[in-house]
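In: Task: produce atomic coordinates for the following.
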Amino acid sequence: MGIKLSQRILGIEESQTLAFEQKARELIHSGIDVVSLSAGEPDFPTVGPAREAAIAAVEAGKTKYTDVAGTLELRQAICDKLQQDNGLAYLPKNIIVCVGAKQALYNICQVLLEKGDEAIISAPYWATYTEQVKLAEAQPVIAPTEGFQVTARNIASKVTKKTKLIILNSPCNPTGAVIEKKELVKIADLAVEKGIMLISDEIYEKITYGKEHFSIASFNDNVKEHTITVNGVSKAYSMTGWRIGYAAGPEEIIKAMVKLQGQVTSNPSSISQAAALYALKQGQSDSEKMAQEFRKRRDYAMQRLSKIKGMRCKVPDGAFYAFPDISGIEQDSRKFALQLLEKAHVSVVPGAGFGSEGYLRISYATSMKKLAEGMDRLESFIKCQNFPSSL
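Out: Predicted coordinates:
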C-alpha cells in the first residue's frame, strides 16, 4: 500500500533478544529440538504466594480498573520493600507501577528527555536503553567500561552541556557486572554537581553471587532527588509475563509519568498487581532459592566456557547471563549466533545487539540438563566448523 511510517519508528532497532527468541520458537514449532540459551527470564514457576493471590483476586472480582499509578496497597508494599532492602524512604506518591520495568523506563525518557538532550549509557548495555532514548528524540551517548566495570571517569568524559540523563544498570544485562560502591559514589557526586538525573535500573538486584548491590539513591538526599530507581517483580519472582515494574523518585517526575501513563496504558493489570503485592510480601524464600540455583548454573557455565578454545569469559557477579568474548573465534557475533542456531540448534544473542561486537550473551536461566546440552552443542559446533582461533 506504500504506507509511510514515521521516522521515529524507522529510526529504532529491533530487539536482538526478541528476534533470536522468535527464530528459536519458529524452529521449535517446526519440530526441531532447540536449546534456548537466549531467554532473559527465569525458567522457574512464578513464586507460590503470587499465584495464589492472583487466583484469589479473580475469585474476589478484583478485575476492574485501579489507580493509574497502581493500587495503594501495592505502592505501599513497594515503599516497604525499598526501605527494608535498599534503605530508601518513599511515600506511595513517589511510586508508579507500570506494565513492566520497560514501561517505567520508557515513561522516564518521555517525561525527561527532548530533542537535543543526551543520555549517557555504558556499554555493554541492554539495547532497550538506546532505543528508548531515541524514541524521546534525544541522543544516546555511549561510555566505555573497563573489564565491564562502569567507572565515573569514563562517564564524566562523555558529559556535555546537553547531558540530561545517566542510565545505570547493576547487576548488568548482559554482563552480570555489579557496579563498585566507590564508583557509584563518584557517579552520584558527578550527577549532583552537574545537575544530571540518574536512572538506576535494579531489576536484577536479588540475583547476586557474593558481591553486594547498592542503591545509588540511598547515599544521601541530594542524590535521591537526582535519581529514579527502577525495579520490578519479573526476575526476582519469576513473573516476566505478569508485566509489573515500578519506579520510585521525586514526586514531580512520578506525577508526570502518571500523566503520561494515563494516556497510554492506564493501570497495569489488576490481577498482576494483586500477585505482585504478595510476591513482595511473601515471596522472598522462593526468590532466594532461585538465586542459589542460578549460582550453581553460573559456576557450571563458566567451567564449560573456560574449556572452549578461543573463548574468554569474565565471571558474572549477578543476573543470569554469561557474556563470553568470541573474537578469537569469530568477529561477527550475529553471523556466529545465526549459524549456531541453524546448524547446532542453540539459541544465544549476539553481542552486537548490546553494543559489543565479538561477544555472545548466553543465558543460564534454564535447567541444568538443558544448559549441559547447550554447552555440548556449542563446543561441538565450534570444533566442527573449524573456526580459526587467535588465542
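In: Run through this protein and note the low-pLDDT ranges.
Out: Low-confidence segments of the chain (pLDDT under 70): 1, 386-391.
In: those helices in it, which residues are they?
Out: All helices of the chain, identified by DSSP state H, fall at 7-10, 16-29, 48-59, 72-86, 100-112, 128-135, 152-156, 181-194, 221-225, 251-261, 270-282, 284-305, 333-339, 368-385.
In: who touches the last one?
Out: The set of residues that contact helix 368-385 without belonging to it, under Cβ atoms under 8 Å, 6 or more residues apart in numbering, is 35-37, 296-297, 300-301, 304-305, 307-311, 329, 339-340, 343-346, 362, 364, 366. Just so you know, the C-beta spots here come from the backbone N, C-alpha and C atoms, and that holds for glycine as well.
In: still on that earlier bit, reformat the helices of the chain as CSV; add mean neighbour count and distance to Ile207.
Out: Converted to CSV, those look like this (neighbours: other Cβ atoms under 10 Å; distance: least, Cβ to Cβ, whole Å):
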stretch, mean neighbour count, distance to Ile207
helix 7-10, 9, 33
helix 16-29, 17, 17
helix 48-59, 17, 17
helix 72-86, 18, 13
helix 100-112, 23, 14
helix 128-135, 20, 19
helix 152-156, 18, 24
helix 181-194, 18, 18
helix 221-225, 16, 24
helix 251-261, 18, 26
helix 270-282, 23, 15
helix 284-305, 17, 5
helix 333-339, 19, 24
helix 368-385, 17, 16
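In: how about those helices in a markdown table, adding distance to Glu357?
Out: Formatted as a markdown table, the helices of the chain follow (distance: least, Cβ to Cβ, whole Å):
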| stretch | distance to Glu357 |
| --- | --- |
| helix 7-10 | 23 |
| helix 16-29 | 12 |
| helix 48-59 | 39 |
| helix 72-86 | 35 |
| helix 100-112 | 24 |
| helix 128-135 | 15 |
| helix 152-156 | 19 |
| helix 181-194 | 25 |
| helix 221-225 | 34 |
| helix 251-261 | 34 |
| helix 270-282 | 37 |
| helix 284-305 | 19 |
| helix 333-339 | 6 |
| helix 368-385 | 18 |
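In: With respect to Ala143, which of the ones you listed lies nearest?
Out: With Cβ to Cβ as the criterion, Ala143 lies closest to helix 152-156 of the helices of the chain, at 4.7 Å.
In: Distance from the closest one to the middle of the chain?
Out: Centroid displacement of helix 152-156 relative to its chain, using Cα atoms, centre = their mean, to the nearest Å, is 22 Å.
In: same thing with stretch 217-226?
Out: Centroid separation between stretch 217-226 and its chain, computed with Cα atoms, centre = their mean, is 22 Å.
In: Stretch 276-289 now?
Out: The answer for stretch 276-289 is 19 Å, by Cα atoms, centre = their mean.
In: which parts of stretch 33-52 are buried?
Out: For stretch 33-52, burial by neighbour count (16 or more other Cβ atoms under 10 Å) applies to 34-44, 46-47, 49-51.
In: nearest to Asp286, of these?
Out: Val47 (3.9 Å).
In: what residues are up against Ile167?
Out: So Ile167 contacts Ala119, Ile120, Ile121, Ser122, Tyr125, Tyr129, Leu198, Ile199, Asp201 (Cβ under 8 Å, 6+ apart).
In: What separation do you get for it and Ala119?
Out: In this view, Ile167 and Ala119 are 6 Å apart by Cβ to Cβ, to the nearest Å.
In: list residues touching both of those two?
Out: Residues touching both Ile167 and Ala119 comprise Tyr129, with contact defined as Cβ under 8 Å, 6+ apart.
In: Please list all residues in contact with Gly147.
Out: So Gly147 contacts Lys314 (Cβ under 8 Å, 6+ apart).
In: err, Thr208, not the other one
Out: By Cβ under 8 Å, 6+ apart, Thr208 lies in contact with Pro171, Val178, Ala291, Asp317, Gly318.
In: what's stretch 110-118 in contact with?
Out: 119, 133, 135-141, 160, 162-165, 197, 253, 256-257, 259-260.
In: Figure out the length between the terminal residues of it.
Out: End-to-end span of stretch 110-118 (Cα to Cα, to the nearest Å): 13 Å.
In: Likewise for stretch 207-220?
Out: Stretch 207-220 has an end-to-end distance of 25 Å (Cα to Cα).
In: same question, stretch 309-317
Out: Span of stretch 309-317 from end to end, Cα to Cα: 23 Å.
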